[in-house]
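predicted model and sequence follow; I will ask about them next.
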Amino acid sequence: MAYTDSTGFIYRRPLLGSDQPVVMNFRIGDSATLKIGDAVRINTSGLIVRAEAGNPVLGILRGICDKAGINPFSAGYINGLGATLTGDDTVVSASDNSSRAEYAQARVQLDIAGCNLWYNDANGDLAQTNVGQLFDVVAASGQIDQSVASDTSGQFQLLQLDPDGDSDASKGLFRIAEPQLLNHVGNATEILVA
């Protein structure tokens, strides 16, 4: 699957030895709009939706598939999902995706311990003083919200500024700082939010 625009998160490299993040399929929520590169979470119904600002992050959406794991964006696919597909990277799931026999799933790159670096082109310029700071995501655009830099809370942490060396200060490499998968003591983030 390809990206039709430049927003969202793209895996760049690990902070530990694994080569690629683990990918798992999860059923998508009802009437949920998802775009490849979105930060996603599991809601209280056990379904995948976009992670809004302040929500813990399960991982990054890598693709869409049906219950058999087949890509509905592929040529010749007969869409029985009741979903609306836009471009080659956006889906709006059926209003009954949670209960229908043919359903859409999200292929999610998991980041269990915040050990992967994700490229993101933020919605404004970042500064060297932002390295190490925490940020939330603007769910609708899939971009880091540079205006909410914090030393104490945020979904993502900036570790590298201008990773491509092209003097674009809005680009950065971020790690997930508020993971939905519990892996440490003292996570004060509410894990499931409706």
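In hand now; what should we look at?

name the spans of the protein whose pLDDT lies under the cut-off.
In the prediction, the chain carries residues with pLDDT under 70 at positions 1-6, 18, 183-194.

now the farthest one out in the protein, which residue is it?
residue 76 (27.6 Å; Cα atoms, centre = their mean).

quick one, phi/psi of it?
phi 80, psi 0 (degrees, to the nearest 10).

distance check, it against residue 87.
18 Å (Cβ to Cβ, to the nearest Å). Yep, even glycine has a C-beta here, placed from its N, CA and C like the rest.

helix or strand for residue 16, just tell me which one.
In the assignment (DSSP states H and E), residue 16 maps to no helix and no strand.

tell me the phi and psi of it?
Note on residue 16: backbone dihedrals following degrees, to the nearest 10 are phi -110, psi -170.

tell me the contacts of it?
For residue 16, the contacting residues are residue 115, by Cβ atoms under 8 Å, 6 or more residues apart in numbering.

same thing with residue 121?
Listed by Cβ under 8 Å, 6+ apart, the contact set of residue 121 reads 6-7, 143, 168, 170-171.

going by neighbour count, which of the residues you listed are buried?
Of all those considered here, the ones buried according to neighbour count by 16 or more other Cβ atoms under 10 Å are 7, 143, 170-171.

please name the bridge partners of the spatially most central residue of the chain.
Centrality entry for the chain: nearest residue to the mean C-alpha point is residue 39, 1.9 Å, by Cα atoms, centre = their mean. Beta-bridge partners recorded for residue 39 (DSSP bridges): residue 60.

in strands, which of the buried ones among the contacts of residue 121 appear?
Of the positions in the buried ones among the contacts of residue 121, 143, 171 sit in strands, assigned by DSSP state E.

which one of the buried ones among the contacts of residue 121 sits closest to residue 82?
Comparing the buried ones among the contacts of residue 121 against residue 82 with Cβ to Cβ picks out residue 7 as the nearest, at 26.3 Å.

list the contacts for the residue nearest to the closest one when sequence neighbours are not counted?
Computed as Cβ to Cβ, 6 or more residues apart in numbering, the closest residue to residue 7 that is not its neighbour in sequence is residue 142, at 4.3 Å. Neighbouring residues of residue 142 by Cβ under 8 Å, 6+ apart: 7-9, 35, 37-39, 120.
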